[in-house]
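Undergrad: build me a structure from this.
(one chain, ligands or ions: 1)
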Amino acid sequence: MDKKPIIIGNWKMKLGIAESLELAKQLKHIPAKNVDVVVCPSFVSLSGVIDTLRHSSISVGAQDCFWESEGAFTGETSAAYLREIGASYVILGHSERRKYLGETDEMVHKKIKMALTAGLTPIVCVGETFEQRQEGSKDYVLIQQTVKALEGVPLGADQRVFIAYEPVWVIGSGQAIDPAEAAATHQVIRQSLFDIFPSSVVKSSFSIIYGGSVDANTVNDFTSLENTDGVLVGGASLTADSFRDIIQKA
Ligand code: PEP
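TA: Okay, here's the model as predicted:
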């Protein structure tokens, strides 16, 4: 299949402002002809990273947004403000937010709608925990997360949603899952989209990517899968050398 994979770096809360700007500077001139590259720094680094990458081929995303556009919501960040600052993407429903911030599928659903309204492309994370996998409910969990997050979301012809399958127990473990399992799981996720959207919309508006301990040695195992449109990378996106290797291998 002829496709241009997307490589998304999630910098989490692992780089301060100076470190983020330095990394952005180092990434700026990396040739990335056959891939789309996105980096997602912390909120406070967004503006500087966007400035640094302005004339490069790398896009910038945030790691979260709120589900209202404005109002008395102390500490929250509006998707509209993120768009105003120049962000193009936003990660939503990351398992770390679900775990530490109590983020629910309903919250993720509202955030997706707001992100799209503001003109951001959502990267929606779904994934099972080790316990859910052990008890055999992996597919059920993924279908629930996908359907609850996306059912009823209005999608315009030019809007895209990325779904990142991220097995929670693999994140940060250093050991990605078997690509064959990722391919089978992406099929489950895609099938659940067919249950809630017309097939033309699933085909034109959704991309499914894999995340969980991807590095330069494994990136191609995932990007070469027919039903996989790219990867979400955490740890290996934090240094210029390792992220460059991933981009060049992909
Ligand atoms: C992530 O947290 O989104 C992620 C993919 O992390 P890592 O690559 O470090 O497993």
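
Undergrad: dump the residue contacts of the residue of the chain found nearest the ligand.
TA: Of all residues in the chain, the one sitting closest to the ligand is residue 234 (2.2 Å; CB to the nearest ligand atom). Every residue, glycine included, has its C-beta placed from N, CA and C. Listed by CB atoms under 8 Å, 6 or more residues apart in numbering, the contact partners of residue 234 are 9, 10, 12, 171, 172, 211, 213.

Undergrad: how does it look with 7 Å?
TA: 10, 12, 171, 172 (CB atoms under 7 Å, 6 or more residues apart in numbering).

Undergrad: not counting sequence-adjacent ones, nearest residue to residue 225?
TA: residue 183 (4.8 Å; CB to CB, 6 or more residues apart in numbering).

Undergrad: isn't the one you found right next to residue 223, touching?
TA: No: with contact defined as CB atoms under 7 Å, residue 183 does not count as touching residue 223 (11.8 Å).

Undergrad: of these two, which one has the most company?
TA: Neighbour count, other CB atoms under 10 Å: between residue 183 and residue 223, residue 223 has more, with 24 against 17.

Undergrad: ok, and the closest non-adjacent residue to the more buried one?
TA: Closest to residue 223 by CB to CB, 6+ apart is residue 5, at 4.1 Å.

Undergrad: any idea how many residues pack against the one you found?
TA: 22.

Undergrad: which ones are touching the closest residue to residue 43 other than its chain neighbours?
TA: For residue 43, ignoring the flanking residues on the chain, the nearest one in space by CB to CB, 6+ apart is residue 77 at 5.9 Å. Applying CB under 7 Å, 6+ apart, we find residue 77 in contact with 43, 65, 66.

Undergrad: ok, residue 70 - how many residues close by?
TA: 10.

Undergrad: surely it is in contact with residue 78?
TA: Yes: counting by CB under 7 Å, residue 78 is a contact partner of residue 70 at 5.7 Å.

Undergrad: check which helix or strand covers the spatially most central residue of the chain.
TA: The centroid of the chain falls nearest to residue 123 when counting by CA atoms, centre = their mean (3.7 Å). Here residue 123 sits within strand 121-126, counting by DSSP states H and E.

Undergrad: and that strand, what does it pack onto?
TA: strand 89-92, helix 105-118, helix 138-150, strand 161-165 (3 or more CB pairs under 7 Å, 6 or more residues apart in numbering; DSSP states H and E).

Undergrad: could you export the ones you listed as CSV, including mean neighbour count?
TA: Shown next, in CSV, are the helices and strands packed on strand 121-126 (neighbours: other CB atoms under 10 Å):
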stretch, mean neighbour count
strand 89-92, 26
helix 105-118, 20
helix 138-150, 19
strand 161-165, 25
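
Undergrad: now tabulate the ones you listed in JSON lines and tack on distance to the ligand and mean pLDDT.
TA: Output for these, formatted as JSON lines (distance: least, CB to the nearest ligand atom, whole Å; pLDDT from 0 to 100):
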{"stretch": "strand 89-92", "distance to the ligand": "8", "mean pLDDT": "98"}
{"stretch": "helix 105-118", "distance to the ligand": "15", "mean pLDDT": "98"}
{"stretch": "helix 138-150", "distance to the ligand": "15", "mean pLDDT": "98"}
{"stretch": "strand 161-165", "distance to the ligand": "7", "mean pLDDT": "98"}
